[in-house]
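Asker: got a structure for you, letters missing:
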């Protein structure tokens with residue numbers, strides 16, 4: 001359900017476009033984003049930074065689309081959002097030394113530092129790719145094709161990427177298990193003799 005809720009503005013954009021046109025769809029998407037944030041605030045009394053960024057981008061590019069009656073702006077909106085996320089992840093990692101992917105997922109899984117770094121880089125590359133492919137579709141195909149891709153194509157690529165990420169992480173998640181007595185992380189493939197010695201030392 002959360003996945004569909006996150007896609008709410010995109011879904012209503014698609015429906016409004018099919019029923020009316022790109023400008024009505026843009027206005028509906030802006031309103032849907034406000035509704036989405038309002039609902040999250042009502043339920044949790046806080047809103048994720050990602051949602052604020054999405055709101056700012058849709059207001060800027062969606063508003064420009066409506067003011068100038070030019071679909072060019074809304075076509076750029078996904079690319080700007082993807083590349084903005086790409087830049088944020090890169091700057092946080094390279095300049096501030098903070099891995100935002102680890103910050104978001106660190107409580108759900110235990111991974112080696114190098115794996116967190118690879119995960120961060122893979123998301124940076126993915127967002128860069130998504131921004132590029134959005135521009136390619138937007139300027140080489142019809143508006144109808146672009147709107148369809150915006151919902152189904154982007155969602156499909158995201159699902160494939162997440163599945164590949166899970167497959168990649170699975171071997172690391174299976175390698176590290178928490179030791180209940182000490183709340184530490186012990187490698188499964190650690191030699192048995194070494195494990196016994198560790199337990200002997202504890203005694």
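Answerer: All right, it came through fine. Everything numeric here is computed off the predicted structure, so don't read it as measured data.
Asker: CA atoms for contacts and neighbours, from now on please.
Answerer: Fine.
Asker: Give me the neighbour count for residue 21.
Answerer: 15 (other Cα atoms under 10 Å).
Asker: Show me where the protein has its strands.
Answerer: If DSSP state E is used as the criterion, the strands of the chain fall at 176-179, 184-187.
Asker: count of neighbours near residue 77?
Answerer: Residues lying near residue 77 (other Cα under 10 Å) number 20.
Asker: Could you identify which of the strands of the chain has the lowest mean pLDDT?
Answerer: Among the strands of the chain, strand 184-187 carries the lowest mean pLDDT, a mean of 41.
Asker: Dihedrals phi and psi, residue 97?
Answerer: When read as degrees, to the nearest 10, the backbone of residue 97 gives phi 70, psi 30.
Asker: quick one: low-confidence ranges for this protein?
Answerer: Across the chain, the ranges flagged by pLDDT under 70 are 1-3, 174-203.
Asker: Domain parsing of this structure, as residue ranges.
Answerer: Listed by automatic domain parsing, the domain ranges of the chain are 1-68, 71-166.
Asker: longest helix in this protein, by residue count?
Answerer: Counting by DSSP state H, the longest helix found in the chain is helix 113-140.
Asker: Show me what that helix is packed up against.
Answerer: The helices and strands touching helix 113-140, judged by 3 or more Cα pairs under 8 Å, 6 or more residues apart in numbering; DSSP states H and E, are helix 72-94, helix 100-105, helix 143-148, helix 154-175.
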